[in-house]
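Novice: Sequence first, then the predicted structure:
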Amino acid sequence: MEKGEKIWIDGKLINWADAKVHIMTHALNYGTGVFEGIRVYQTPKGPAVFRLKEHTKRLFDGCKTMGIDPVFGGKRYTVEEVMDVIKETIKANKKVDYVKPCVFLSGEAVGLNPVGLPASLSITCIYMGSYLGEDSKSGAKLITSSWHRPDNLCGPAGAKVNGTYVTSCLAKQEAVRQGANEAVMLNSIGHVAECTGENIFIYRNGKIFTPLTSECILEGITRDSVIQVARDLGYEVIETEITRMQLVTADEVWMTGTAAEVAPVTMIDGRVIGDGKVGKVAAKIQHKFHDIAEGKDQKYDGWLYYVK
C-alpha cells in the first residue's frame, strides 16, 4: 500500500506519522472496535466513493452491536456527519483508492469490562491497488482453511468487528504458506461461509448461488451489489447453503469484497474450477461492476458519492 498524508481522528486532521494511541488502549488489547473498508474510484465526474451511505450505516450498526456510542472527541456523530468527514479526509489526501474508518475503544484499561470507556473514530486513506496481487487477475487460487468462520454464537458474524478478524488472519497466513491467493472458510456445520475478507459466489447448472447471511457471513456490500447486478443482467441468484462438493464442482467461482472487488477463482485445493480459465459469467459481472464503480453506467449512479 501507499500511505496517505493525513488521518482524521476525533475531529482533527493530523499527519500520518502523528496518528498514535496509548499502549493500554482497550481496543489494542482486546479487539473492541469495528471498521469498514470503502473503495474510491476515479470517474468522469471526479473521485467517487462507492456506496458510502451503506458502508457508514454498517459501521454504525457494528457500533450498536458492540455497545459503542458514536461519541468521538466529545461530539455525537450521525451517519451523515461521518459520511461528510470521510469525504473531507479523502480530499485532504493526494492519492486514494481505499478508505478505512475505524471506531475503537480508546480508553486505557485492563480488564474485559468495556462499559464507560471512551471511543475514538479514525479515518485512514491509502492507495491499495490490486488487493490480491497482479498474478490473481488470471484467476485466484484458493485453499480450504483449517480455521472455521466464527459463528453467530462466537460473536456478531455479520459485523466487521476488529477482534473477529484474528481468524481471518490465521486463514490468510495458511493460504499464503501453501502458495494460494486466498482461503475459503467453512462454518461450524461444514457449509461454505466466506473467504478471509471476501464473500463467495458459484455458478452451477445455469444459476448463481451464494451463502445466506445466516450462514455466519459478513453482510457484504459488494456482495449485495453483485446480487443486484447479476439479477439485472438476467441471471437467477439463489441465496442458500453451499457444500464443499458444490464449491469445487462449480462451473465458475468468484469472490466479492471492497478490497478484492470481483475476483474470479480458477483453482481450489488443487482442483481446477471449470476449464481453469476465468469464466464468462464472472468476467461479465466483473466488467459490469467496474463500469458502475467508475461512473460509466448512469443506471447505478445512486451508488456513487462524489467527492467535491
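Specialist: Thanks, I have it. All figures in this text were calculated on a predicted structure; none of them were measured in a lab.
Novice: Which residues are in contact with the residue of the chain most remote from its centre?
Specialist: Here the chain reaches farthest from its C-alpha mean at Val110, the gap being 30.0 Å by Cα atoms, centre = their mean. Taking Cβ atoms under 8 Å, 6 or more residues apart in numbering, we find Val110 in contact with 24, 29. C-betas here are computed from N, CA, C, even on glycine.
Novice: just the strands in the stretch 201-308 of the chain please.
Specialist: With DSSP state E, counting those that start in this stretch as the criterion, the stretch 201-308 of the chain has strands at 207-211, 237-240, 252-257, 261-268, 271-272, 304-306.
Novice: and the last one, what's its mean pLDDT?
Specialist: Translated: strand 304-306. For strand 304-306, the mean pLDDT works out to 98.
Novice: swap in stretch 4-18?
Specialist: Stretch 4-18 comes out at a mean pLDDT of 97.
Novice: residues of that stretch that come out buried?
Specialist: Judged by neighbour count (16 or more other Cβ atoms under 10 Å), stretch 4-18 contains these buried residues: 4, 6-10, 13.
Novice: Kindly provide the distance from the residue lying closest to Val99 once chain neighbours are set aside to Ile200.
Specialist: Distance criterion Cβ to Cβ, 6 or more residues apart in numbering; nearest residue to Val99, sequence neighbours excluded, is Ile38 at 4.5 Å. Ile38 is 21 Å from Ile200, where distance means Cβ to Cβ, to the nearest Å.
Novice: Counting neighbours, go ahead and name the busier of those two.
Specialist: Between Ile38 and Ile200, counted using other Cβ atoms under 10 Å, the more crowded position is Ile200 (28 against 25).
Novice: ok, now which ones touch Lys45?
Specialist: So Lys45 contacts 295, 306 (Cβ under 8 Å, 6+ apart).
Novice: again with the one 3 residues further on
Specialist: With contacts taken as Cβ under 8 Å, 6+ apart, Ala48 has the following neighbours: 40-42, 293, 295, 304-307.
Novice: Go ahead and confirm Met66 touches Phe35.
Specialist: No: using Cβ atoms under 8 Å, Met66 makes no contact with Phe35, being 11.2 Å away.
Novice: How many residues are close by Gly190?
Specialist: 11.
Novice: Tell me the predicted confidence for it.
Specialist: Gly190 carries a pLDDT value of 97.
Novice: Distance of it relative to Arg244?
Specialist: 7 Å.
Novice: for Trp16, same thing?
Specialist: Per Cβ to Cβ, Trp16 is found 43 Å from Arg244.
Novice: Hmm, Ser168 and Gly197 touching each other?
Specialist: Yes: in this structure, Gly197 is within contact of Ser168 by Cβ under 8 Å, at 6.2 Å.
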